[in-house]
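> Sequence below, structure please.
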Amino acid sequence: MPAAQTMLPRVNALATPPMIGEVDPDLFAPGTDLVEALAELEVVGGTDPEIFQEYLASIPAGMQESLRALVYHNLTQREGGPIGMTFAWAPAYDWELRIWEAAGTPDSRGGITVLLCSRYPRDPVPADGPAPAPN
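This is a model prediction of the structure:
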């Protein structure tokens with residue numbers, strides 16, 4: 001998704017130490033909107049920000065809430081402050097959300113990786129219902 005090539009570096013720049021410690025946790029508090037939080041952080045921009053905002057709004061609600069809760073937990077519940085996060089996108093037929101968390105070690109506090117998979121933002125979604133029978 002071309003929009004991800006301009007947006008995800010902005011998100012990732014804010015999600016790395018020490019920048020993530022500067023993010024206001026209230027933006028991601030329970031009951032807040034993920035799309036609005038990212039707009040507030042000014043990561044939605046570039047040559048066609050509407051595409052990215054449409055894309056973010058099209059993420060299934062449960063996945064949006066999972067992402068919001070993950071960020072909020074990282075910003076508020078970690079001893080010693082939040083750990084770094086890395087966000088990535090990959091093409092897929094259906095929506096997928098994959099989250100990895102590397103445990104801290106004496107050499108590293110660990111980190112969280114989030115992979116969001118989906119169709120390209122303006123790809124048509126197949127019509128509801130069964131697939132046509134083969135001829």
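
> can you tell me which helix in this structure is longest?
Counting by DSSP state H, the longest helix found in the chain is helix 61-76.

> Determine the angle, from 0 to 180 degrees, between the helix or strand following that one and helix 61-76.
The first helix or strand that comes after helix 61-76 along the chain, using DSSP states H and E, is strand 84-91. Relative orientation of strand 84-91 and helix 61-76, computed by axes from the mean of the first three to the mean of the last three Cα atoms, to 10 degrees: 160 degrees.

> ok, residues contacting strand 84-91?
Contact partners of strand 84-91, identified using Cβ atoms under 8 Å, 6 or more residues apart in numbering, comprise 1, 4, 8, 11-12, 15-17, 20, 71, 74, 109, 111-120. The C-beta positions use only the backbone N, C-alpha and C, and glycine is treated the same way.

> Buried only: go through these for me.
1, 4, 8, 11-12, 15, 20, 71, 74, 109, 111-112, 114, 116, 118-119 (16 or more other Cβ atoms under 10 Å).
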